[in-house]
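1. model the structure of this input:
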Amino acid sequence: MIPRLSAILSSPRHDIKERDLTTACRTCHEERSIADCKTSADGQLRTYRCRGCGEPLVLVGYPTDRSVTGSASTEWLSIRVSSDLFVQMSSSRLRIPASSRSRLFGEPFL
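-> Sure thing, here's the model as predicted:
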């Protein structure tokens, strides 16, 4: 099963929750909390959709161009965001840029 976005971005020093993540919908032009998104997952892909219009905002899955096999402690995942993704950590706001053509790889990011 594909983990939630917050689990991928969390680390032992930073426990990130879905409510700490926001992005803007390119169709509605509204900022959306990831916690408020419609979420669906199958064995290969987790999709976060805008609650207002259903537009895909974030896709999480296994990358097709990188091997998932390897060391037991490493599981590579692909994250694709349609608009900038913001992570609120205490008083800091981290920006992860939109990845219209490229993917972001790795776990954890922080």
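
2. where in the protein is pLDDT low?
-> Residues of the chain that meet the criterion pLDDT under 70 lie in 63-75, 99-110.

3. where exactly do the helices run in it?
-> Listed in chain order, the helices found in the chain under DSSP state H are 5-9.

4. if I look at Ser83, how far off is Arg49?
-> Between Ser83 and Arg49 the computed distance is 13 Å (C-beta to C-beta, to the nearest Å). Every C-beta, even on glycine, is put in place using the N, C-alpha and C of the backbone.

5. where do the contact lists of the two overlap?
-> Leu57 (C-beta atoms under 8 Å, 6 or more residues apart in numbering).

6. if I look at Arg51, how far off is Val60?
-> Separation of Arg51 from Val60 (C-beta to C-beta) stands at 18 Å.

7. more neighbours: the two, which one.
-> Relative neighbour count places Val60 above the other of Arg51 and Val60, with 21 against 15, counting by other C-beta atoms under 10 Å.

8. quick one: contacts for the more buried one?
-> With contacts taken as C-beta under 8 Å, 6+ apart, Val60 has the following neighbours: 2-3, 5, 8, 45-48, 77-80.

9. residue boundaries of the strands in this protein?
-> Taking DSSP state E as the criterion, the chain carries its strands at 21-24, 31-33, 38-41, 45-49, 56-61, 78-81, 85-89, 92-96, 104-105.

10. check which helices and strands the first one sits against.
-> In this structure, strand 21-24 makes packing contacts with helix 5-9, strand 31-33, strand 85-89, judged by 3 or more C-beta pairs under 8 Å, 6 or more residues apart in numbering; DSSP states H and E.
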